[in-house]
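1. pasting the structure only:
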DNA sequence: CCCATTGCTGTAAACGTTTACCGCGTGGGC
DNA sequence: GCCCACGCGGTAAACGTTTACAGCAATGGG
């Protein structure tokens, strides 16, 4: 376990200065003979560049952090799956933070950017507080936010359009003849929760359907709690004929409860999930789900960050990824592979920066 | 974007030397007055310690890498979910590598330990080659391997016991009266593939069942390919009455194909998966699956690594996590929550180190 | 009253790189 | 034959910390 070789060791063995060693290792113009000697010495010693010393001098770590709310949530995993290869291809390592959607933890991550152990950050907060915005303004490294952030925030921003997504789903249910469409939502003080709740209300209004409080239940974004909310709803409105769930986990909970209650899906109750995770395809009946483009958002975020890391300054950008409705058996009634009701192409526009 | 403050900036503002600043920040004994001045200056400047410089001097990065074969595989995710909080609690950051089970990538990761950007590594290779062992012997930081590694390897090792796992499943199927039990395996040159294949053969022998080549099909560890393998098997042995699948993804593929072929599960064919991932509980019928304790293995690996990082030298340890059979509808025929056929407690023993 | 001890603090070196700058030797132009 | 330019390579500083060591003031004991 003797200390590994450094450029000094190599310099001694090759009989040159450490500057020459560094130059050779970095491919700077050097006499052929010197290159040969240095390479030989490096090989013999099994030299590997010390990344820490390198970072200290160059002020670049070649690391990027991804702060996800919840390692267990497949939607974030889909992002991670796309982010990882993009960063890797560009020579960056990925540092993973799990914040459990706790604001203090997210603030911590933003604060820790000051430690300069990463060159940039991709973050996907469930709520965006005043404190978030303050820390963002003061952040010591570029940040890309996945999720909506107020106009004028100086950070690149990748958005889903859950409003349109909910709209696609409700329209679909309406087209199938459903008229008593319930909604199982997550907490209203989260960005997605609020957006999805509002979109549901709006979509009903546009279709001329009444908004009925009893048809809306709130839980968290998980399976068990989602199921509980469904049970409550069934209790109040036994003849509900469709359920719009704010994510797939909630929808799985809904399937559990409906099955236990003897309701047939989709004959009696049609169920739509959201996020189009792997679970949607795996469940039975397979779940119709609104894809909010998690994978695309992850990819876009990684690309935005890389662009900023390489390109330097430019105005913050907002990328909005359009939703797609993936129809499966839980609404359409056939066990087929599923049809995609696509939407417009990806939109991208520049923010008028402050 | 002026350069952030350093201890030098603080020292000037507080009118003390950088040594004093460092001492205060590290809580070393210092006069009260000095502490006050330094703290005040640090607060006003919004100082944050530079992790890179710190690491260079202290030779500790407080980062640990986890190299997973496949970010998409829920079994590895289960590990990740457990590893993350353990490391976080101990003050370590997590660097995530995805190797796609490509040997060259895994070797790369081991090699990159020489860059000293992490203090240790948890790795879960699908295959363990000669090259792996060589690199392990030469590794410049502690490594914990999840998966089996030859006796005498100088690395901590966390093992699943898929042999016993397969045994539990086959015994279960036998007890249900199944006699034509097929096996859908992954590649035989992977550690799990080889172990599971051998265990299947052994279990049949012990039960006095004949080993029939036509009942064994090989694909990869994914859903589509798993399905293809099942279709092939159905073609040759139409009256197969049970399928042991080498992981849950394959089992989902099996469900797809059986459904398409008009076979009832479990009435006509019972299906068992492996790894007991989230997908198993989400599918329909819910999948009986052998849990190999992914979560426990991840946790154990993280703890072993931390122990070594903190404790220094000791003999390499081998931890074996026992399997559990989680019975669900795909074999038992009821849609209940599932029973657990447990096994012995976790076993742990020391390796006779070289 | 002087010296030894104690308690703080400052100076400087070190961690392993990268890179600005300078000096040396060679070759070519005049 | 002299001078300049050019190509290489070496010296040293810098990145932002931590820490060994030494120095200095105050205190207490003999």
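-> Looks like it arrived, so ask away. Quick caveat: nothing in here was measured; it's all calculated off a predicted structure.
2. alpha carbons only for contacts and neighbour counts from here, please
-> Noted.
3. quick one, strands of chain A?
-> A:63-68, A:93-98, A:120-123, A:143-146, A:156-160, A:181-185, A:216-218, A:242-245, A:270-274, A:288-291, A:317-321, A:324-327, A:339-341, A:347-350 (DSSP state E).
4. residue B:231 is nearest to which of these?
-> strand A:339-341 (24.2 Å; CA to CA).
5. any low-confidence regions in the stretch 51-200 of chain A?
-> Counting by pLDDT under 70, the stretch 51-200 of chain A shows no low-confidence range.
6. from it, which residue is nearest to DNA strand D?
-> Residue of the stretch 51-200 of chain A nearest DNA strand D, by CA to the nearest atom of the strand: residue A:57 (3.4 Å).
7. tell me how far that residue lies from DNA strand C.
-> Going from residue A:57 to DNA strand C by CA to the nearest atom of the strand, to the nearest Å gives 5 Å.
8. same deal with residue A:35?
-> 14 Å.
9. what number of residues lie near that residue?
-> Number of residues near residue A:35 (other CA atoms under 10 Å in any protein chain shown) recorded here: 20.
10. same check on the one 5 residues further on?
-> A total of 15 residues lie near residue A:40 under the criterion other CA under 10 Å.
11. outline the domain layout of chain A.
-> In terms of domains, chain A is parsed into A:7-49, A:63-161+A:294-321, A:162-291 (source: automatic domain parsing).
12. got the residues of the stretch 251-354 of chain A near chain B?
-> Contact residues (CA under 8 Å from any CA of the partner chain) of the stretch 251-354 of chain A with chain B: A:252, A:278, A:279, A:282, A:283, A:284, A:285.
13. interface residues of the stretch 101-250 of chain A facing chain B?
-> Counting by CA under 8 Å from any CA, the stretch 101-250 of chain A sits next to chain B at A:112, A:114, A:115, A:116, A:117, A:140.
14. assess the claim that the last one and residue A:114 are in contact.
-> I take that to be residue A:140. Yes - under the criterion of CA atoms under 8 Å, residue A:140 makes contact with residue A:114 at 5.6 Å.
15. neighbours around residue A:29, how many?
-> For residue A:29, the count of nearby residues is 10 (other CA under 10 Å).
16. now it: phi and psi?
-> Per-residue torsions, residue A:29: phi -60, psi 130 (degrees, to the nearest 10).
17. contacts only, for it.
-> Shown in contact with residue A:29 (CA atoms under 8 Å, 6 or more residues apart in numbering or on different chains): residue A:23.
18. mind checking how far it is from residue A:20?
-> Going from residue A:29 to residue A:20 by CA to CA, to the nearest Å gives 10 Å.
19. can you check residue A:171 too?
-> 69 Å.
20. next: residue A:246.
-> Applying CA to CA, the value for residue A:246 to residue A:20 is 60 Å.
21. same thing with residue A:79?
-> When residue A:79 is compared with residue A:20 (using CA to CA), they lie 43 Å apart.
22. compare neighbour counts for these two and give me the winner.
-> A count of neighbours by other CA under 10 Å puts residue A:79 above the other of residue A:79 and residue A:20, at 24 against 20.
23. these two touch, right, that one and residue A:295?
-> Yes - with contact defined as CA under 8 Å, residue A:79 counts as touching residue A:295 (4.8 Å).
24. list the contacts for residue A:190?
-> Residue A:190 sits in contact with A:126, A:127, A:128, where contact means CA under 8 Å, 6+ apart.
25. of those residues - the most surrounded one?
-> Going by other CA under 10 Å, residue A:126 tops the contacts of residue A:190 with 22 neighbours.
26. could you pull out the helices for the stretch 201-350 of chain A?
-> For the stretch 201-350 of chain A, the helices defined by DSSP state H, counting those that start in this stretch occupy A:223-236, A:248-260, A:278-282, A:294-311, A:329-332.
27. make CSV from those helices and add mean neighbour count, mean pLDDT and distance to DNA strand D to it.
-> As requested, the helices of the stretch 201-350 of chain A are exported to CSV (neighbours: other CA atoms under 10 Å in any protein chain shown; pLDDT from 0 to 100; distance: least, CA to the nearest atom of the strand, whole Å):
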stretch, mean neighbour count, mean pLDDT, distance to DNA strand D
helix A:223-236, 20, 93, 45
helix A:248-260, 24, 93, 44
helix A:278-282, 22, 87, 44
helix A:294-311, 21, 95, 18
helix A:329-332, 24, 92, 56
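28. right, so of these, which gets closest to residue A:164?
-> Taking the helices of the stretch 201-350 of chain A one by one with CA to CA, helix A:294-311 is closest: 15.0 Å.
29. report the distance from that closest one to the chain centre.
-> Relative to the mean C-alpha coordinate of its chain, helix A:294-311 is positioned 11 Å out (CA atoms, centre = their mean, to the nearest Å).
30. can you give me the angle it makes with strand A:317-321?
-> Computed by axes from the mean of the first three to the mean of the last three CA atoms, to 10 degrees, the angle separating helix A:294-311 from strand A:317-321 equals 160 degrees.
31. which secondary structure elements does helix A:294-311 contact?
-> With contacts defined as 3 or more CA pairs under 8 Å, 6 or more residues apart in numbering or on different chains; DSSP states H and E, helix A:294-311 has these neighbours: helix A:74-89, strand A:120-123, strand A:143-146, strand A:156-160, strand A:317-321.
32. can you do 6 Å?
-> helix A:74-89 (3 or more CA pairs under 6 Å, 6 or more residues apart in numbering or on different chains; DSSP states H and E).
33. which strands and helices lie in contact with the helix it packs on?
-> Partner elements for helix A:74-89 (3+ CA pairs under 6 Å, 6+ apart): helix A:294-311.
34. measure how the helix it packs on sits relative to helix A:74-89, angle-wise.
-> Angle between the axes of helix A:294-311 and helix A:74-89 is 30 degrees (criterion: the same axes, to 10 degrees).
35. mind listing residues that contact helix A:294-311?
-> Identification of contacts with helix A:294-311 by CA atoms under 6 Å, 6 or more residues apart in numbering or on different chains yields A:75, A:78, A:79, A:82, A:83.
36. could you report the neighbour count for the second one?
-> As a burial measure, the neighbour count of residue A:78 was computed by other CA under 10 Å and equals 23.
37. again with the first one
-> With neighbours defined by other CA under 10 Å, the count for residue A:75 comes to 23.
38. ok, the last one next?
-> Burial of residue A:83, expressed as a neighbour count using other CA under 10 Å, amounts to 23.
39. near DNA strand D, which residues of chain A?
-> Proximity of chain A to DNA strand D is confined to A:15-20, A:29-31, A:33-34, A:53, A:56-57 under the rule CA under 7 Å from any atom of the strand.
40. can you lay out the residues you listed as a markdown table showing distance to residue B:134?
-> As requested, these are exported to a markdown table (distance: CA to CA, whole Å):
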| residue | distance to residue B:134 |
| --- | --- |
| A:15 | 30 |
| A:16 | 31 |
| A:17 | 32 |
| A:18 | 30 |
| A:19 | 32 |
| A:20 | 31 |
| A:29 | 34 |
| A:30 | 33 |
| A:31 | 34 |
| A:33 | 32 |
| A:34 | 30 |
| A:53 | 27 |
| A:56 | 31 |
| A:57 | 32 |
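41. what subset of these is buried?
-> Among the residues of chain A next to DNA strand D, those classed as buried by neighbour count (16 or more other CA atoms under 10 Å in any protein chain shown) are A:18, A:20, A:34, A:53, A:56.
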